[in-house]
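Visitor: I would like the atomic coordinates for the input below:
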Amino acid sequence: MTDRDRVLESLKAAPDIPVSELITFILDLRSVIYTSYKEDELKAFQSLFPDTYIEKGSKEMCGEAGEVALISKSHDSAIKASRSLRDSRCLGALLGYPDCCIEKHLTNIIADPPVRGAQTIFDSFVSRSTALFLTNNLLNFATRLDSKEDLEQNSFYHQKNNFYLNQFFYLDSDVNPCLIWFAAISFISHLPCRYDCEKSVKIGRKVAKWMKENIPEVFVFFKNTLQRPFLVFDTFDWIAFEGNVENGFLRYFKIVPPLGVIDSQIKQNLNLGNRLKADKDKIVIFKDDRPVFEYIKKDEKDGYLMNFVDCEI
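Guide: Numbers count the residues shown, from 1 in each chain. The predicted structure follows:
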């Protein structure tokens, strides 16, 4: 069985493991995969990757204790990861995260108050106007869930976007489509310290290159989903556009999926215009050059543009 076949079968059998993590695991860019402990899925995964070891651990997330699985090609690494669930530096290294991104995360969690969730996205992007689609992790939530409300919104997001996240691809043959559900859509699985972090871009490029060469249908779906402008309000509250950003203005044609879970004032009034500008204190919708709606922001991160652009793979 080829690595391509293993990845595809794993996505069907153990959909909680994101494809980006499978690819970094195959490319030896990470020592360990960290996922929820679901015995049937793990048995299916290990049948596809028989040279792996699985250790069970317990970790509290969003106030709830749960069992997790640490998967590695090295038994020692799986054991080490299971014993390092409270050691973010050690666990992050085993998961293949760049050292600069690990250090930024450690700085965030010891801050008073801790910097969590949507604030980490804003801090990593705010000084830039664009980023490569390779580092777009807006649709990968695992490292940004901080409360029971986040878990509920995560569940609501997947229900709301179930049709989009379930994709048919003619991967096995031209006549038998394969249904794959994507737990996350991204080429990286970590929070980058900056959206132009060279080490994060390097990982994203290697994952994208492997995907483009081995499962090009999935690569095109991922790229088309991630390479676009987003107006971001919170972890599960954003608007993705078909459009382009020039001189700080977004000219938009329509909203595209997947969809955020909040029906905001901005979303309700987008049909009034075809351009918008997000400043530090307000968002203005324009019909060509005429302003037609103004939204006064609660703070700077209450609606800011993230424009993810193309690059060579």
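Visitor: Send me stretch 15-27 as PDB with only the CA atoms.
Guide: This file holds the C-alpha atoms of stretch 15-27, laid out as PDB (Å, rounded to 0.1, in the frame of the first residue of the first chain):
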ATOM      1  CA  PRO A  15     -11.200  11.400  10.400                       C
ATOM      2  CA  ASP A  16     -10.200  13.100  13.700                       C
ATOM      3  CA  ILE A  17      -6.600  13.000  12.600                       C
ATOM      4  CA  PRO A  18      -6.100  16.000  10.200                       C
ATOM      5  CA  VAL A  19      -4.500  15.300   6.800                       C
ATOM      6  CA  SER A  20      -1.800  17.800   7.500                       C
ATOM      7  CA  GLU A  21      -0.700  15.800  10.500                       C
ATOM      8  CA  LEU A  22      -0.700  12.500   8.600                       C
ATOM      9  CA  ILE A  23       1.500  14.100   5.900                       C
ATOM     10  CA  THR A  24       4.000  15.600   8.400                       C
ATOM     11  CA  PHE A  25       4.100  12.100  10.100                       C
ATOM     12  CA  ILE A  26       4.900  10.400   6.800                       C
ATOM     13  CA  LEU A  27       7.600  13.000   6.000                       C
END
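Visitor: buried stuff in that stretch?
Guide: With burial defined by 16 or more other CB atoms under 10 Å, the residues of stretch 15-27 counted as buried are Pro15, Asp16, Ile17, Pro18, Val19, Ser20, Glu21, Leu22, Ile23, Thr24, Phe25, Ile26. No exception for glycine: its C-beta is placed from N, CA and C like everyone else's.
Visitor: which of the residues you listed lies closest to Ser127?
Guide: Ser20 (25.5 Å; CB to CB).
Visitor: Could you tell me how far stretch 42-62 lies from the centre of the chain?
Guide: 21 Å (CA atoms, centre = their mean, to the nearest Å).
Visitor: contacting residues around it?
Guide: 1, 6, 9-10, 13-14, 17, 37, 65-75, 78-79, 81-83, 85, 145-148, 150-151 (CB atoms under 8 Å, 6 or more residues apart in numbering).
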